[in-house]
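Trainee: after the sequence you'll find the predicted model.
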Amino acid sequence: MIGIMADSHGDPETILAALDVFQGMACRRIYHLGDVCDSTRPETVEACLRPLQEHHVITIKGNNDHTIVANHIGRKDAPIAPEILKYIQYMPLVQNYQDAIFTHSLPFADELGLSCMIGSISKTEAIRTFNAFPRHVIFRGHSHKPEILLPRGRFIESSIPAVGRKISLAGKRPCVVTCGALTRGLYMIWNPEEQYITSLSYK
């Protein structure tokens, strides 16, 4: 099992709730897909990052995380320790595992740089993603609402995964899966061997 969460926006309690479930399910890997922090809540940065570091969560940089660094790095009066800011600064924009790509919004870090954190998954970007990664599932955060996008000829099929229901991804490559936000109580499990995802909620 792979645990996936995103968009905690400075609320450490949401992170702890998801980690508790992931540990109970013996997840061998856990990903946080960015916006761990919130640019308006710098006082919670360390409380959010500490459990992710302690549980070796693979953490992707989101636009709010980047803004925290831009606003505070190098400032003598920064409310965040320099080593924490450096850790955030060097979070990856994209990570790969098996046939999956993990990103905050778009998987084109090499082309877009930091802009890949804020681009929306419009029809144009979805088609671009399908063409660039025809054998992958792309997991993303950013938009807060869980969603699965699949190519259907010239069209794109969009569906919202029901909480608690296993959704098979067998034979569904490429696809884009938006995790859903921890601020809405949502997170996700991916079973790569049995090729399914399950949207979960702690609320």
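Mentor: On my side now, so go ahead.
Trainee: can you tell me the centre-most residue of this structure?
Mentor: Leu33 (1.9 Å; Cα atoms, centre = their mean).
Trainee: tell me the mean pLDDT over stretch 48-62?
Mentor: Averaging pLDDT along stretch 48-62 yields 97.
Trainee: actually stretch 107-125, not the one I typed
Mentor: For stretch 107-125, the per-residue pLDDT averages 92.
Trainee: can you check the pLDDT for the residue lying farthest from the centre of the chain?
Mentor: Computed with Cα atoms, centre = their mean, the residue of the chain farthest from its C-alpha average is Lys76, at 31.0 Å. Looking at Lys76, its pLDDT reads 78.
Trainee: contacts only, for it.
Mentor: Under the criterion of Cβ atoms under 8 Å, 6 or more residues apart in numbering, Lys76 has no neighbours. No exception for glycine: its C-beta is placed from N, CA and C like everyone else's.
Trainee: assign a three-state SS to it, would you?
Mentor: Lys76 falls in the coil class when you classify it by DSSP: H, G, I helix; E, B strand; the rest coil.
Trainee: and it, how far from Leu169?
Mentor: Relative to Leu169, Lys76 is positioned 49 Å away (Cβ to Cβ, to the nearest Å).
Trainee: same question for Pro79.
Mentor: 42 Å.
Trainee: now do the helices in this protein.
Mentor: 12-24, 45-54, 63-72, 82-89, 109-112, 123-132 (DSSP state H).
Trainee: could those be laid out in JSON lines, adding mean neighbour count and distance to Met188?
Mentor: Listed next are the helices of the chain as JSON lines, based on neighbours: other Cβ atoms under 10 Å; distance: least, Cβ to Cβ, whole Å:
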{"stretch": "helix 12-24", "mean neighbour count": "18", "distance to Met188": "9"}
{"stretch": "helix 45-54", "mean neighbour count": "17", "distance to Met188": "16"}
{"stretch": "helix 63-72", "mean neighbour count": "20", "distance to Met188": "20"}
{"stretch": "helix 82-89", "mean neighbour count": "15", "distance to Met188": "23"}
{"stretch": "helix 109-112", "mean neighbour count": "14", "distance to Met188": "21"}
{"stretch": "helix 123-132", "mean neighbour count": "16", "distance to Met188": "18"}
